[in-house]
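Next one to model:
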Amino acid sequence: MAEESMTQPTDPSTLSFEEALRALESIVRRLENGDVPLDESISLYSEGEALRKQCMERLQAAEARIQKLTLDASGAVTGAQPFGAD
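Numbering: from 1, shown residues only. Next up, the predicted model:
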């Protein structure tokens with residue numbers, strides 16, 4: 001575990017959504033465990049916030065793409081509708 005704490009944070013913009021989410025989940029587990037020193041906790045929190053922001057931006061971009069294309073029963077594009085609107 002000590003080796004894990006010595007790794008440099010990865011630039012979230014270089015990660016796929018799935019990689020960023022896994023990294024964020026790992027940080028949350030470490031912080032919830034409660035055995036990380038204060039200074040490292042602050043660094044992990046900062047890295048986690050950057051990962052959270054990147055994940056949210058990617059989700060919002062995916063939602064915007066979904067809103068642009070809505071298919072009817074025959075599979076034809078019918079136009080834009082908000083995501084989740086039925």
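
For the rest of this, base every contact and every neighbour count on C-alpha atoms.
Noted.

Next, find the distance separating Ala50 from Lys68.
According to C-alpha to C-alpha, to the nearest Å, Ala50 and Lys68 sit 28 Å apart.

Looking at those two, which is more packed in?
Ala50 (17 against 14; other C-alpha atoms under 10 Å).

The more buried one - that's part of a strand, no?
No: checked against DSSP: H, G, I helix; E, B strand; the rest coil, Ala50 lies outside a strand; its state is helix.

I'd assumed Pro12 was in contact with it.
Yes: with contact defined as C-alpha atoms under 8 Å, Ala50 and Pro12 form a contacting pair (6.8 Å).

which stretches of this protein form helices?
2-5, 17-33, 38-68 (DSSP state H).

Turn those into a markdown table, columns for distance to Val77 and mean pLDDT.
Converted to a markdown table, the helices of the chain look like this (distance: least, C-alpha to C-alpha, whole Å; pLDDT from 0 to 100):
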| stretch | distance to Val77 | mean pLDDT |
| --- | --- | --- |
| helix 2-5 | 48 | 44 |
| helix 17-33 | 27 | 97 |
| helix 38-68 | 9 | 93 |
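
right, so of these, which gets closest to Ser74?
helix 38-68 (17.4 Å; C-alpha to C-alpha).
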